[in-house]
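A.B. asks: need the 3D shape of this:
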Amino acid sequence: MFVDYGYRRAEYYAPQRRGGTLRCHYRQRAHDDPLFWPGLQDITAWVDFDELDAAASRAGFAADGVVEQARFLIEHGLDEVFSSAHAAAAGEAERYRLAQEVKRLTLPGQMGDSFRVALYRRAGADPRVA
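C.D. replies: Residues are numbered from 1 along each chain as shown. Next up, the predicted model:
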């Protein structure tokens, strides 16, 4: 399993990304200047998931697909995890905090559509076997 910011090749090399995919993060703020706070900020670049698929194939793995983080979380029981945590929360403030975290992980424009989840298995392995 591989989870990161990224796109399929057609989106990755789209005209709106002529300047590349480098992204910097400092104190919960994103920007594009890697020299603004040297040594204090995180610097990242988005992943070309088609190239990742090719690298996985060369290493003997088969791709089982790439989906947005929101879809992956919802299809893998986020509602049950949230319901359980919500029921166990100490009070209204804690329940509100949990709801905000789920929104951040799943909403478009947040992490829900900017993060992708790629699944790989050993080539030749049965994808139905966990």
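
A.B. asks: remind me what the longest helix along the chain packs against, helices and strands.
C.D. replies: Criterion DSSP state H: the longest helix present in the chain is helix 92-106. Counting contacts by 3 or more Cβ pairs under 8 Å, 6 or more residues apart in numbering; DSSP states H and E, helix 92-106 packs against helix 69-75, helix 78-88, helix 111-114. For every residue, glycine as well, the C-beta is placed using N, CA and C.

A.B. asks: in the first one, which residues are buried?
C.D. replies: In this case it means helix 69-75. 69-70, 72-73 (16 or more other Cβ atoms under 10 Å).

A.B. asks: neighbours around the nearest residue to Tyr12 once chain neighbours are set aside, how many?
C.D. replies: Nearest residue to Tyr12, sequence neighbours excluded (Cβ to Cβ, 6 or more residues apart in numbering): Asp48, at 4.7 Å. Counted with other Cβ atoms under 10 Å, the neighbours of Asp48 add up to 18.

A.B. asks: of all the helices and strands packed on helix 92-106, which lies closest to Leu22?
C.D. replies: Closest of the helices and strands packed on helix 92-106 to Leu22 is helix 111-114, at 14.7 Å (criterion: Cβ to Cβ).

A.B. asks: for whatever helix or strand comes next after the closest one, C-alpha coordinates in PDB please.
C.D. replies: On the C-terminal side of helix 111-114, the nearest following helix or strand under DSSP states H and E is strand 115-122. This file holds the C-alpha atoms of strand 115-122, laid out as PDB (Å, rounded to 0.1, in the frame of the first residue of the first chain):
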ATOM      1  CA  PHE A 115      -4.200  12.000  -1.500                       C
ATOM      2  CA  ARG A 116      -4.300   8.700  -3.500                       C
ATOM      3  CA  VAL A 117      -4.000   5.100  -2.300                       C
ATOM      4  CA  ALA A 118      -2.200   2.600  -4.600                       C
ATOM      5  CA  LEU A 119      -2.400  -1.000  -3.800                       C
ATOM      6  CA  TYR A 120       0.200  -3.600  -5.000                       C
ATOM      7  CA  ARG A 121       0.700  -7.300  -4.600                       C
ATOM      8  CA  ARG A 122       3.400  -9.700  -5.600                       C
END
